[in-house]
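S.K.: structure, please.
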Amino acid sequence: MAKENPFAGFDVTKMMADFKLPGVDMESMMSAHKKNIEAWQKANERAAENFQGIVTRQADMVRDTMGELAETLQQISASASPEDSARRQAEVINRALETALSNLREIAEMTADSNREVFDVLNSRIMESMEEVRELGNEAMRKATGGADTK
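M.R.: A predicted model of the protein is given here:
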């Protein structure tokens, strides 16, 4: 039996509109919080998209590796001599290590780029928020000083 959400009809905006504090612009405050939530949402969307891209690339890497492994095993089993087989195995190991390092580097770069992109979204909103706070402070000072410019 599903319970109904007791807060389904609760509107924070209406409640805050009735809540008056002297010198506080509730509309601006609610707008700023809305922008903060939108920035977090955008950052999370970017992170999810980037994570999906990383997982897809890793799956491609595994698929490629498995294909190379199957081909290599056929070559090794077709070797004419034990020495030839050992040489091919050494080549495979070297190639596998180089590929693994290259793949790790690529995934690390993709992750760093993703982190940078998400950070930039949030940093941009933080900078906007700081500017909004400065403007609200200047507006409060103008009101307190009778309209004189406080910059």
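
S.K.: centre of the chain versus stretch 63-79, how much separation?
M.R.: 37 Å (C-alpha atoms, centre = their mean, to the nearest Å).

S.K.: for that stretch, buried residues please.
M.R.: Neighbour counts over stretch 63-79 (16 or more other C-beta atoms under 10 Å) mark 72, 76 as buried. Quick note: C-beta positions are derived from backbone N, CA and C, even for glycine.

S.K.: cool, and stretch 51-60?
M.R.: Residues residue 54 are the ones in stretch 51-60 that count as buried (16+ other C-beta under 10 Å).

S.K.: may I have it as CSV, with CA atoms only?
M.R.: Included here for stretch 51-60 are C-alpha records, laid out as CSV according to Å, rounded to 0.1, in the frame of the first residue of the first chain:
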residue,chain,number,x,y,z
PHE,A,51,30.6,8.8,-16.8
GLN,A,52,28.6,7.1,-19.5
GLY,A,53,31.2,8.1,-22.1
ILE,A,54,34.0,6.7,-19.9
VAL,A,55,32.1,3.4,-19.3
THR,A,56,31.4,3.1,-23.1
ARG,A,57,35.1,3.7,-23.9
GLN,A,58,36.1,1.1,-21.3
ALA,A,59,33.7,-1.4,-22.9
ASP,A,60,35.3,-0.7,-26.3
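
S.K.: avg pLDDT for that stretch?
M.R.: This predicted structure assigns stretch 51-60 an average pLDDT of 96.

S.K.: off-centre distance for it?
M.R.: Between the mean C-alpha point of stretch 51-60 and the mean C-alpha point of its chain there is a distance of 14 Å (C-alpha atoms, centre = their mean).

S.K.: chain neighbours aside, what residue packs nearest to the residue nearest to the spatial centre of the chain?
M.R.: With distances taken as C-alpha atoms, centre = their mean, the chain has residue 47 as the residue nearest its mean C-alpha position (2.6 Å). Of all residues not flanking residue 47 in the chain, residue 118 sits nearest, at 5.0 Å (C-beta to C-beta, 6 or more residues apart in numbering).
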